[in-house]
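Colleague: With the sequence up front, the predicted model follows.
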Amino acid sequence: MRLLTKTAPILTVQMAILFFGLNNREQDVHLTTLKQIRSIFRFRLAKTVFLGATFYFPHIQYSSSLPLTHQYNLDIINNTRFTDPKHLAGISDDIFTTRQDIIHWSPESASLIFHSWLQQLQLHF
């Protein structure tokens, strides 16, 4: 959030994907991540920096091997709908994999997620 307060307006951005969640997976999600996301839009920080952009909030993919409390917190974030950002769906859980640390996406999953977002955003490279 501090980064947005220090960034000058950018007029050329048409879309922005705002990704939250994994760094705060052990904390009370209502006091950290959800509060931070709401403040970004309540104070219009994102819209002040990215003038005229459409915002997207992607589904947070995570390993089923994470501790249940972490999964619970991430599910709360995933199931919260905000008024400003639009939702981007994730890939199927049966094809999602992580590195051995069970946190970072495998390169294959990252590629699948990226291409899924491109398809949902109707972007072609």
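Modeller: Everything's here; your move.
Colleague: Next, Ser65: phi, psi?
Modeller: With angles defined as degrees, to the nearest 10, Ser65 sits at phi -90, psi -10.
Colleague: I'd say Ser64 and Leu74 touch.
Modeller: No. At 11.0 Å, Ser64 does not count as touching Leu74 under the criterion of Cβ atoms under 8 Å. Every C-beta, even on glycine, is put in place using the N, C-alpha and C of the backbone.
Colleague: Looking at those two, which has the bigger crowd around it?
Modeller: Neighbour count, other Cβ atoms under 10 Å: between Ser64 and Leu74, Leu74 has more, with 22 against 10.
Colleague: Show me what secondary structure element comes after the helix or strand the more buried one falls within.
Modeller: Remark: Leu74 resides in helix 68-79, with elements defined by DSSP states H and E. Using DSSP H and E, the helix or strand that follows helix 68-79 in sequence is strand 86-88.
Colleague: Show me what that following strand pairs with in its sheet, parallel or antiparallel.
Modeller: Paired strands of strand 86-88, with direction, are strand 54-58 (parallel) (DSSP bridges).
Colleague: what about the helices in this structure?
Modeller: 2-5, 33-42, 45-49, 68-79, 107-120 (DSSP state H).
Colleague: Can I get those helices in TSV including distance to Thr12 and mean pLDDT?
Modeller: TSV is the format used below for the helices of the chain (distance: least, Cβ to Cβ, whole Å; pLDDT from 0 to 100):
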stretch	distance to Thr12	mean pLDDT
helix 2-5	17	68
helix 33-42	20	72
helix 45-49	12	76
helix 68-79	29	88
helix 107-120	19	97
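Colleague: possible to save those helices as a markdown table with distance to Ile91?
Modeller: Below are those laid out as a markdown table (distance: least, Cβ to Cβ, whole Å):
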| stretch | distance to Ile91 |
| --- | --- |
| helix 2-5 | 28 |
| helix 33-42 | 21 |
| helix 45-49 | 25 |
| helix 68-79 | 13 |
| helix 107-120 | 5 |
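Colleague: tell me the centre residue of this protein?
Modeller: Phe19 (2.3 Å; Cα atoms, centre = their mean).
Colleague: Tell me who's in contact with Asp28.
Modeller: Asn73 (Cβ atoms under 8 Å, 6 or more residues apart in numbering).
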